[in-house]
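K.L.:
Give the three-dimensional model of this entry:
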Amino acid sequence: MPETLAPDAITGLILAGGRGSRMGGSDKGLQPFRGLPLAMHALLRLQTQVDMVMINANRNLAAYEAFGIPVWPDADPLAYAGPLAGFATGLTHCDTPWLLTVPCDCPLFPLDLAQRLGQGAVDASAEVAMARVGGRTQPVFCLLRADLLESLTRFLDGGGSKIDAWTATLHTVEVDFDHPGDFENVNSLPELRALEQAAPSPAPTVR
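P.N.:
I've put the predicted structure just below:
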């Protein structure tokens, strides 16, 4: 049995479908960070780890399409139904055995995220692997089997909306990471500027 999943077994999904309420309604994924949109940082970090990357967005679709990768809105883009709706969108369009989700507002996540979550999933024969750092689960950093769409659809149709409530019904493993700063997300422009001025993280390059 392999120790981890091959990159070509995983599709990456950048979650950029939120309202950005705590950022004054701005589209967080398009906010500049060190000269590039936040979502572009996610793309650059993710594309080295997986077979292909797509974006879940519900507005400014042309701006995201300019990144050169597929962009998929939720089934009801005006509902802004949260990350699980994005999960469902990603699973609908996933052509690999696994889907790896990351948020658009966390530009410094680890460059070995897919490898470590994949190893955790394989070692535990799990359906879902989520990152954990500093004792806190990071549910939007989630590797999940692509055949879970039916399960997720039932959960959403039943009124469910919380990631952890859904994954609690599945064989889920949490994988520990060492550096909380790698998972720091931004919810306001002051937080974005503060993170910009923090110590730099290793920068990926365009593939």
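
K.L.:
Which neighbouring elements make contact with the longest helix anywhere in the chain?
P.N.:
Longest helix in the chain, counting residues (DSSP state H): helix 113-124. With contacts taken as 3 or more Cβ pairs under 8 Å, 6 or more residues apart in numbering; DSSP states H and E, helix 113-124 sits against strand 10-16, helix 38-46, strand 98-103, strand 128-133, strand 136-145, strand 172-177. C-beta coordinates here come from the backbone N, C-alpha and C atoms, glycine included.

K.L.:
winner for burial among those?
P.N.:
Most buried of those by mean neighbour count (mean count of other Cβ atoms under 10 Å) is strand 10-16; its value is a mean of 27.

K.L.:
Relative to that one, what are the paired strands and their orientations?
P.N.:
Strand pairing for strand 10-16, using DSSP bridges, gives strand 52-57 (parallel), strand 98-103 (parallel).

K.L.:
name the helices or strands packed onto the helix or strand that that strand is followed by?
P.N.:
Sequence order places strand 32-33 as the next helix or strand after strand 10-16, per DSSP states H and E. With contacts taken as 3+ Cβ pairs under 8 Å, 6+ apart, strand 32-33 sits against helix 189-197.

K.L.:
quick one: the helix it packs on to chain centroid distance?
P.N.:
20 Å (Cα atoms, centre = their mean, to the nearest Å).

K.L.:
cool, and stretch 72-82?
P.N.:
On Cα atoms, centre = their mean, the centre of stretch 72-82 falls 16 Å from the chain's centre.

K.L.:
Quick check: end-to-end length of that stretch?
P.N.:
End-to-end distance of stretch 72-82: 14 Å, with Cα to Cα, to the nearest Å as the criterion.

K.L.:
Name the surrounding residues that touch it.
P.N.:
Here stretch 72-82 makes contact (Cβ atoms under 8 Å, 6 or more residues apart in numbering) with 17-19, 54-59, 61, 85-86, 88-90, 92-93, 156, 161.

K.L.:
Quick one: buried ones out of these?
P.N.:
The neighbour-count test (16 or more other Cβ atoms under 10 Å) applied to the contacts of stretch 72-82 identifies 17-18, 54-59, 85-86, 88-90, 156 as buried.

K.L.:
and which of these is nearest H41?
P.N.:
Using Cβ to Cβ, the shortest approach to H41 within the buried ones among the contacts of stretch 72-82 belongs to I55, at 12.6 Å.
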